[in-house]
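> here you go, sequence then predicted model.
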Amino acid sequence: NYAFEAGKKAIEDHLKRVGLKGKVSNGCIDGIYRVDYEVKNNPKVSIIIPNKDEKETLETCINSILNKTTYENYEIVIVENNSETEEIFEYYKELEENEKIKVVKYEEKGFNYSKIINLGVKNSDGEFIVQLNNDTEIETPDWLEDMLGFASREDVGAVGVKLFYPDNTIQHAGIVFGIDRVATHLFRGLSRHLHGYFARESTIQDFSAVTAACMMAKRSVYEEVGYMDENLFKVAFNDVDFCLKLMEKGYRNIYNPYVELIHYESKSRG
């Protein structure tokens, strides 16, 4: 194993040279490495969750955050979007008894994901923003620490994660262009128990874009690129556009496969 140990040491030496503090460990297979960057100053994270009705779906998401998250300095901002059922408003009242949770009402009719997210961001106060779909379930307890380590770097724009369908196949492992007419998720449908070429689905790397079903970025970069585009991308491709705007500003978009969630994709909208 001397070659793999030498590889690990090379990364450790590189981090020292460039002044980054991180712990290097072996990845999923020999020759692939993981770096966990130090999180400084305990920054506040605002988790923005758009929601319309779907009480049970939202409850699964919220419970997974509250019960599993090891990082403590966070708030949850639910953006209520034209719900109609009585049970969801009762649930909101119950949730707001928790000081970490607040509900913000989106007053306009219709669905504009970008506007809903932008409203949530502007009604939050975290230094870092997580966009999170209501139809997700956290599996990795230290998910916020793992994402913060990358998002804290000056050269990083957005940080995405590995998402699975409920049947334990991959839903998202980064977004690539030039496939499926515009852009598509890489390794969609691959079993979580298998690897693709060179275990790329389990390797930390830069991508052109990552999905906003679970995505972290600094508040400052939202302001720098003018938030999510509310006119051209009301439903889809707003995350792709956001990530491309970050790249134009010189930021990297990072895929971190060590943060894992279940995504009951488009359960709330079909």
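On my side now, so go ahead.

> which neighbouring elements make contact with whichever strand or helix holds residue 118?
In this structure, residue 118 sits in helix 113-122 according to DSSP states H and E. When contacts are defined as 3 or more CB pairs under 8 Å, 6 or more residues apart in numbering; DSSP states H and E, helix 113-122 packs onto strand 45-51, strand 74-81, strand 101-106, helix 238-248. C-beta: built from backbone N, CA, C; applies to glycine.

> what strands flank the next helix or strand after it, and is each parallel or antiparallel?
Of the helices and strands lying after helix 113-122 in sequence (DSSP H and E), the nearest is strand 128-132. If you go by DSSP bridges, strand 128-132 pairs up with strand 45-51 (parallel), strand 214-218 (antiparallel).

> would you mind giving those as JSON lines with mean neighbour count added?
Formatted as JSON lines, these follow (neighbours: other CB atoms under 10 Å):
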{"stretch": "strand 45-51", "mean neighbour count": "24"}
{"stretch": "strand 214-218", "mean neighbour count": "25"}
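
> pipe the ones you listed into JSON lines and attach distance to residue 237 and mean pLDDT per row.
What follows is these, written out as JSON lines (distance: least, CB to CB, whole Å; pLDDT from 0 to 100):
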{"stretch": "strand 45-51", "distance to residue 237": "16", "mean pLDDT": "97"}
{"stretch": "strand 214-218", "distance to residue 237": "14", "mean pLDDT": "97"}
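
> residue boundaries of the strands in the chain?
Ranges of strands in the chain, per DSSP state E, are 22-26, 33-37, 45-51, 74-81, 101-106, 128-132, 136-138, 156-164, 170-172, 175-177, 183-185, 205-207, 214-218, 252-263.

> out of these, which comes closest to residue 1?
Of all those, it is strand 22-26 that lies closest to residue 1, at 9.4 Å by CB to CB.

> could you list the residues in contact with the lowest-mean-pLDDT helix or strand in the chain?
Every helix and strand in the chain was compared by mean pLDDT, DSSP states H and E; the lowest is strand 183-185, with a mean of 89. Residues outside strand 183-185 that contact it (CB atoms under 8 Å, 6 or more residues apart in numbering) are 170-177, 208-209, 211, 237, 240.

> low-confidence ranges in this protein?
266-270 (pLDDT under 70).

> sorry, back to before: which strands border the least confident helix or strand of the chain, and is each parallel or antiparallel?
Counting by DSSP bridges, the strands paired with strand 183-185 are strand 175-177 (antiparallel).

> buried ones in the strand it pairs with?
For strand 175-177, burial by neighbour count (16 or more other CB atoms under 10 Å) applies to residue 175.

> cool, stretch 90-98 as well?
By 16+ other CB under 10 Å, the buried positions in stretch 90-98 come out as 91-92, 95.
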